[in-house]
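Participant: output the structure for:
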Amino acid sequence: MSKEKHLKEDKKKDKDQRQTEVVEKRGKKEPKPATEIELLKERLAKSEEQVKELEDRLLRLAAEFDNYRKRTAREFEYVYQNANENLILKLLDTLDNFERALDSAKTSNDYDSFHQGVELIYAHIKDILIKDGLKEIDAIGKPFDPNFHEAVTQAESDEYEEGIVVNEINKGYMLNDRLLRASKVMVSKGKPMHEKEEDKDKDK
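Facilitator: Modelled structure (predicted):
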């Protein structure tokens, strides 16, 4: 066999082999890329998982807050019920002194001693309350102030001008810087009418 014939046969074999490889490649099924729907399903599954985690966390937080609210309410109730404990303890001695004074008054006719005892008890109570922030409102002789005074009535006065507090029916008190009870007062209307007229005549 000639050399040329051998070359032709080799070329033909190579060509046939290449065609066979192409056909085999075409026949093989290559893996398909993930479709858009599959990707969306994966994202949805992850989102649902995240939502469930957030729901669980929210439920835990809600339970913790509810427990905190209940605990705070119990603590506030305890503080509210026992807020005056210290003040009451301070006043118990005074209560004892009142009882002793009343018992003494039943068997003794010494009014002066009884009076002095009551004055001491009054001073003791007042001292306790002042130390706890109580302060009397100074009203008599002061201009009427609706922020601190409650006018019960008016009266003519030679001593005080119109609008001045002339008498105190009930004392008013401040607790620290807050109004606890307004003073119930009598307010001056000024001089009696006949004196006002006389003053007008003098000015003429």
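
Participant: in this structure, which spans are helices?
Facilitator: Secondary structure of the chain (DSSP state H): helices at 3-27, 36-81, 85-107, 111-131, 193-203.

Participant: out of the ones you listed, which is closest to Lys142?
Facilitator: Checking the helices of the chain against Lys142 by Cβ to Cβ gives helix 111-131 as the closest, at 20.3 Å. All C-beta atoms are positioned from the backbone trio N, CA, C, and that covers glycine.

Participant: got the angle for that closest one vs helix 85-107?
Facilitator: Using axes from the mean of the first three to the mean of the last three Cα atoms, to 10 degrees, the direction of helix 111-131 lies 170 degrees away from that of helix 85-107.

Participant: what sits up against helix 111-131?
Facilitator: Residues outside helix 111-131 that contact it (Cβ atoms under 8 Å, 6 or more residues apart in numbering): 87, 90-91, 93-94, 97-98, 101, 104-105, 108.

Participant: got it, and stretch 64-80?
Facilitator: By Cβ under 8 Å, 6+ apart, the list of residues contacting stretch 64-80 is empty.

Participant: now it: mean pLDDT?
Facilitator: Taken as a whole, stretch 64-80 has an average pLDDT of 90.

Participant: could you export that stretch as PDB, CA atoms only?
Facilitator: Extracted C-alpha coordinates of stretch 64-80, given in PDB (Å, rounded to 0.1, in the frame of the first residue of the first chain):
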ATOM      1  CA  GLU A  64     -40.600  38.600  79.400                       C
ATOM      2  CA  PHE A  65     -42.300  42.000  79.300                       C
ATOM      3  CA  ASP A  66     -45.500  40.600  80.800                       C
ATOM      4  CA  ASN A  67     -43.500  39.100  83.600                       C
ATOM      5  CA  TYR A  68     -41.700  42.400  84.200                       C
ATOM      6  CA  ARG A  69     -45.000  44.300  84.200                       C
ATOM      7  CA  LYS A  70     -46.500  42.000  86.700                       C
ATOM      8  CA  ARG A  71     -43.400  42.100  88.900                       C
ATOM      9  CA  THR A  72     -43.300  45.900  88.700                       C
ATOM     10  CA  ALA A  73     -47.000  46.100  89.600                       C
ATOM     11  CA  ARG A  74     -46.500  43.900  92.700                       C
ATOM     12  CA  GLU A  75     -43.500  46.000  93.800                       C
ATOM     13  CA  PHE A  76     -45.400  49.300  93.300                       C
ATOM     14  CA  GLU A  77     -48.400  47.900  95.300                       C
ATOM     15  CA  TYR A  78     -46.000  46.900  98.100                       C
ATOM     16  CA  VAL A  79     -44.400  50.400  98.100                       C
ATOM     17  CA  TYR A  80     -47.800  52.100  98.000                       C
END
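
Participant: ok, the closest residue to Phe144 other than its chain neighbours to Asp145 distance?
Facilitator: Nearest non-adjacent residue to Phe144, counting by Cβ to Cβ, 6 or more residues apart in numbering: Val187, 4.9 Å away. Using Cβ to Cβ, to the nearest Å, Val187 is found at 11 Å from Asp145.
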